[in-house]
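J.: Sequence and predicted structure below; questions after.
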Amino acid sequence: MTRKELFKNTLRKSVHAWKLINELPLSDDESLMLRHFMDQPGFLDLHWRMFVPAIKGQGTEEQKQKWLPLANKMQIIGCYAQTELGHGSNVQGLETTATFDPQTDQFILHSPTQTSSKWWPGGLGKVSTHAVIYARLITDGKDHGVHGFIVQLRNMDDHSPLPGITIGDIGVKFGNGAYNSMDNGFLMFDKFCIPRDQMLMRLSKVTREGKYVPSDVPRQLMYGTMVSVRQTIVSNASIAMARAVCIATRYSAVRRQFGSQNGGIETQVIDYKTQQNRLFPLLASAYAFRFVGEWLKWLYTDVTQRLEASDFATLPEAHACTAGLKSMTTSATSDGIEECRKLCGGHGYLWCSGLPELFAVYVPACTYEGDNVVLQLQVARFLMKTVSQLGSGKAPAGTTAYMGRAKHLLQCRSSIRKAEDWLNPAMVLETFEARALRMAVSCANNLSKFENQEQGFSELLADLVEAAIAHCQLIVVSKFIVKLEGEIKGKGVKNQLKNLCYIYALHLIHKHLGDFLSTNSITSEQASLANHQLRSLYTQVRPNAVALVDAFDYTDHYLGSVLGRYDGNVYPKLFEEALKDPLNDTVVPDGYHEYIRPLIKQHLRSARL
Ligand SMILES: CCC/C=C/C(=O)SCCNC(=O)CCNC(=O)[C@H](O)C(C)(C)COP(=O)([O-])OP(=O)([O-])OC[C@H]1O[C@@H](n2cnc3c(N)ncnc32)[C@H](O)[C@@H]1OP(=O)([O-])[O-]
Ligand SMILES: Cc1cc2nc3c(=O)[nH]c(=O)nc-3n(C[C@H](O)[C@H](O)[C@H](O)COP(=O)(O)OP(=O)(O)OC[C@H]3O[C@@H](n4cnc5c(N)ncnc54)[C@H](O)[C@@H]3O)c2cc1C
């Protein structure tokens, strides 16, 4: 499809999905599933995942009563317009202004520079009638920082932009189809007026007289919509990873290379230890991210309930966990999808393997909802704060509770003696805790050598990111272990999941060996025992690998991959796909007479001479 066809087809699918949601009708969870199976980025994502939650989280009761019924029935379509051409990560650096005019009781929205143009919001370019816009609030010449506003963008009769608004699509993005089904947009305001009651006023108000009144809830709640989406991105990482791993595992069982003895059958590539060492940790990650995603959903629900009761105590931890896990799981998943493509050899590079499209559509997850490095730096700040409070009498809680055992964790030595000891959850956990704590404390010690903390922080950015990643990996490992301690139906299933849990943990040790050795969390002998155990775990997972990906329950239609077909009938189907290519419509290609024939004839002539 051309871009226009792709975009229109996605509109068709989105509207059809919405029709089904109402006609059947579907519950919220089922609707989410349906939109998920639509499997293409489109305006519904932003309307439901960001526009509606922003109003719910930041609107007053009256604002919710006015706007949510319209949004819930999709009588208005909304998007989330925060990022600008000049600033995405630095939200406090946004330039769009919303100046209160007491004469008219309106805000005047204005884009003072080119870099202040909104740039990137999904659904903005061509579809949305409304947006939650983030702009600097100015009253009586005073800048109160960035606030949210509900703004109508287009005429409800003919969809034309309202006077004072310039709007459009930002152009083609990475990949062939991928995210190009979405109308990410640009938007400029030229002194565009909105009524005062369209500022989202739960967190702070502007009175009729133009007085700015902050409320007593933390300002960070303005970032609440991002926390909510980051939480969902973690579970989505598991879904995408599982999809790539399903394709690569099934194909690795079909594909054979070398190893034929006396003309016998060749070796399935899944039997090579190198293939297992690349594939099985990704399989384990798909499960690990699913379990940590379930836990994060619980944490988010818990913090939401607490916030409703004006208990803000766990907000910093919820922010750190959603930011850090979003970052860690999306980075691992995009790398994992690319690894799965390589695991499928040359055929993985074919479009019909399903992997190039999956990669192209997935990879912006490392950037949207917060650049992955910027988000880990938020975790690092949280960790540095926690370390600085150790010994103050305030015991760290939640995911940093392990830091409360700093005295022990800073000096303990791993008691692993033989390879099987690595199958002890307490020993694995302590190894990850010691590594994470020692990295965080080392950063804190280095920071303390700087007179200026901010300057020190800038200098140590790379180390801080590594400490944050170590902390996030500990969370994933610990939540996998907690999952195994709970009820899992079927002894065999539990054993398989145990194997995957240890593969996940031991492979991380192998991959980040420098961290574990330099912090003395383990010795090089213990590291080699971990490798030994890892090889044995691969052998145990091997006979169940295909069943473990079948368990994801993806249909062939959803997988969209010739290589990942359930029936393994790969080669005839690769031919079928090839023959569908428009280049094969004719035997002699278009362009032959123009370019190929004259070239060959010229050579023939010179040969005769
Ligand atoms: C689905 C696909 C569609 C995609 C859509 C998008 O991409 S939409 C666009 C997505 N865009 C992005 O994702 C943009 C990414 N950038 C950002 O989110 C922010 O600008 C920032 C977090 C990087 C910096 O924030 P800042 O400039 O304010 O500076 P600061 O670091 O000094 O923090 C001050 C305090 O606030 C705290 N705190 C911060 N965030 C949260 C939170 N969410 N919750 C709670 N708390 C939070 C922080 O811990 C600190 O607390 P402390 O220490 O004072 O107790
Ligand atoms: C597909 C897609 C959909 C999107 N949808 C929306 C949407 O619906 N609504 C919306 O408002 N936005 C949206 N965005 C924008 C997105 O949220 C931003 O692009 C993202 O937050 C990153 O910001 P940036 O582009 O300014 O990156 P930059 O911050 O400019 O990043 C550039 C580089 O600088 C580094 N960097 C930046 N700051 C620091 C720092 N403090 N320390 C160290 N390194 C740093 C980063 O790590 C990165 O390597 C979307 C983006 C994409 C790609």
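T.: Thanks, I have the structure now. Numbers count the residues shown, from 1 in each chain. Ligands and ions are numbered 1, 2, ... in the order given.
J.: which stretches of the chain have low pLDDT?
T.: Residue ranges of the chain with pLDDT under 70: 603-609.
J.: mind running it again at 80?
T.: Within the chain, the stretches with pLDDT under 80 are 176, 491, 603-609.
J.: show me what contacts the residue in the stretch 451-600 of the chain positioned nearest to ligand 2?
T.: The stretch 451-600 of the chain approaches ligand 2 most closely through residue 461 (5.7 Å), counting by CB to the nearest ligand atom. (Each C-beta comes from the backbone N, C-alpha and C, glycine too.) Taking CB atoms under 8 Å, 6 or more residues apart in numbering, we find residue 461 in contact with residue 377.
J.: if I look at it, how far off is residue 490?
T.: 46 Å (CB to CB, to the nearest Å).
J.: swap in residue 572?
T.: Counting by CB to CB - residue 572 and residue 490 are separated by 36 Å.
J.: just residue 199 next, same as before
T.: 54 Å.
J.: Please say which of these two ends up with more neighbours.
T.: Counted by other CB atoms under 10 Å, residue 199 and residue 490 do not tie: residue 199 has more neighbours, with 24 against 9.
J.: Count the neighbours of the residue nearest to that one when sequence neighbours are not counted for me.
T.: Distances taken as CB to CB, 6 or more residues apart in numbering place residue 149 nearest to residue 199, at 5.2 Å, with adjacent residues excluded. Neighbour count for residue 149, taken as other CB under 10 Å: 21.
J.: cool, residue 568 as well?
T.: Residue 568 has 15 neighbours, counted by other CB under 10 Å.
J.: mind listing what it touches?
T.: 250, 253-254.
J.: Filter those down to the ones in helices?
T.: 250, 253-254 (DSSP state H).
J.: Run the chain-centre distance for the longest helix along the chain.
T.: With DSSP H setting the assignment, residue counts place helix 273-308 as the longest helix in the chain. Counting by CA atoms, centre = their mean, to the nearest Å, helix 273-308 is centred 12 Å from the centre of its parent chain.
J.: go on, stretch 182-201?
T.: 27 Å.
J.: Same question for stretch 324-341.
T.: The answer for stretch 324-341 is 8 Å, by CA atoms, centre = their mean.
J.: buried ones in that stretch?
T.: By neighbour count on 16 or more other CB atoms under 10 Å, the buried set for stretch 324-341 is 324-341.
J.: Among the residues you listed, name the ones in helices.
T.: 324-341.
J.: Can you show me the strands along the chain?
T.: Counting by DSSP state E, the chain has strands at residues 78-81, 97-101, 106-110, 118-119, 130-139, 142-152, 165-169, 185-189, 192-195, 204-206, 212-214.
J.: quick one: which of the ones in helices among the contacts of residue 568 has the most company?
T.: That'd be residue 250 among the ones in helices among the contacts of residue 568, by other CB under 10 Å, with 25 neighbours.
J.: how about the closest residue to that residue other than its chain neighbours, what does it touch?
T.: Of all residues not flanking residue 250 in the chain, residue 564 sits nearest, at 5.0 Å (CB to CB, 6+ apart). Taking CB under 8 Å, 6+ apart as the contact definition, residue 564 lies against 246-248, 250-251, 353-354, 556.
J.: Equivalent analysis for residue 59, please.
T.: So residue 59 contacts 67-68, 150, 200-202 (CB under 8 Å, 6+ apart).
J.: Tell me the spacing between it and residue 328.
T.: Taking CB to CB, one finds residue 59 at 32 Å from residue 328.
J.: got it, and residue 110?
T.: In this view, residue 110 and residue 328 are 39 Å apart by CB to CB.
J.: For stretch 401-419, which residues meet the burial criterion?
T.: Buried, per 16+ other CB under 10 Å, within stretch 401-419: 402-403, 406, 409, 414, 416, 419.
J.: how far is it from where the chain is centred?
T.: With CA atoms, centre = their mean, you get 32 Å for stretch 401-419.
J.: what's the straight distance from one end of that stretch to the other?
T.: Stretch 401-419 has its terminal residues 28 Å apart, counting by CA to CA, to the nearest Å.
J.: cool, and stretch 265-282?
T.: 28 Å.
J.: Go through it and flag the buried ones.
T.: For stretch 265-282, by 16+ other CB under 10 Å, it's 268-270, 272, 275-282.
J.: Likewise for stretch 341-357?
T.: Of the residues in stretch 341-357, 341, 343-344, 347-348, 350, 352-357 count as buried by neighbour count, 16+ other CB under 10 Å.
J.: got it, and stretch 434-446?
T.: Buried residues in stretch 434-446 (16+ other CB under 10 Å): 434-444.
J.: Could you take the residues you listed and lay them out as JSON lines, with extra columns for distance to ligand 1?
T.: Below are the buried residues of stretch 434-446 laid out as JSON lines (distance: CB to the nearest ligand atom, whole Å):
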{"residue": "434", "distance to ligand 1": "26"}
{"residue": "435", "distance to ligand 1": "24"}
{"residue": "436", "distance to ligand 1": "19"}
{"residue": "437", "distance to ligand 1": "20"}
{"residue": "438", "distance to ligand 1": "23"}
{"residue": "439", "distance to ligand 1": "20"}
{"residue": "440", "distance to ligand 1": "16"}
{"residue": "441", "distance to ligand 1": "19"}
{"residue": "442", "distance to ligand 1": "21"}
{"residue": "443", "distance to ligand 1": "16"}
{"residue": "444", "distance to ligand 1": "15"}
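J.: Show me which of the contacts of residue 564 is closest to residue 473.
T.: The closest of the contacts of residue 564 to residue 473 turns out to be residue 248 (CB to CB; 22.5 Å).
J.: what sits against that closest one?
T.: 279, 282, 340-341, 343-344, 348, 355, 563-564.
J.: tally of neighbours for the closest residue to residue 283 other than its chain neighbours?
T.: In space, and not counting its chain neighbours, residue 283 is closest to residue 245: 5.0 Å by CB to CB, 6+ apart. Around residue 245 there are 30 other residues, counting by other CB under 10 Å.
J.: show me the contacts for the residue of the chain at minimum distance from ligand 2.
T.: Closest to ligand 2 within the chain is residue 88: 2.4 Å, counting by CB to the nearest ligand atom. Residue 88 makes contact with 82, 120, 371, according to CB under 8 Å, 6+ apart.
J.: looking at it, the first one is touching residue 90, isn't it?
T.: No: no contact is recorded between residue 82 and residue 90 when judged using CB atoms under 8 Å, the distance being 11.2 Å.
J.: Look at those two and report which has more neighbours.
T.: Using other CB under 10 Å as the criterion, residue 82 and residue 90 rank with residue 82 on top: 26 against 10.
J.: who touches the spatially closest residue to the more buried one that is not a sequence neighbour in this structure?
T.: Counting by CB to CB, 6+ apart, the nearest residue to residue 82 once its immediate chain neighbours are dropped is residue 134, at 4.4 Å. Each residue near residue 134 by CB under 8 Å, 6+ apart is listed here: 81-82, 91, 94, 96, 146-149.
J.: By neighbours, which of those residues wins?
T.: residue 81 (31 neighbours).
J.: thought that residue was touching residue 121?
T.: Yes: in this structure residue 81 lies within contact range of residue 121 using CB under 8 Å: 4.2 Å.
J.: what is in contact with these two at once?
T.: Shared contacts of residue 81 and residue 121, counting by CB under 8 Å, 6+ apart, come down to 131, 187.
J.: Can you tell me what sits against stretch 432-450?
T.: So stretch 432-450 is contacted by 380, 383-384, 386-388, 402-403, 405-406, 409-410, 412, 414, 453, 456-457, 459-460, 463-464, 466-467, 470-471, 473-474, 477-478, 505, 508, 512, 515-516, 519-521 (CB under 8 Å, 6+ apart).
J.: let's go with 6 Å and repeat that
T.: Applying CB atoms under 6 Å, 6 or more residues apart in numbering, the external contacts of stretch 432-450 come out as 383-384, 387, 402-403, 409, 456, 460, 463-464, 467, 470-471, 474, 477, 515-516, 519, 521.
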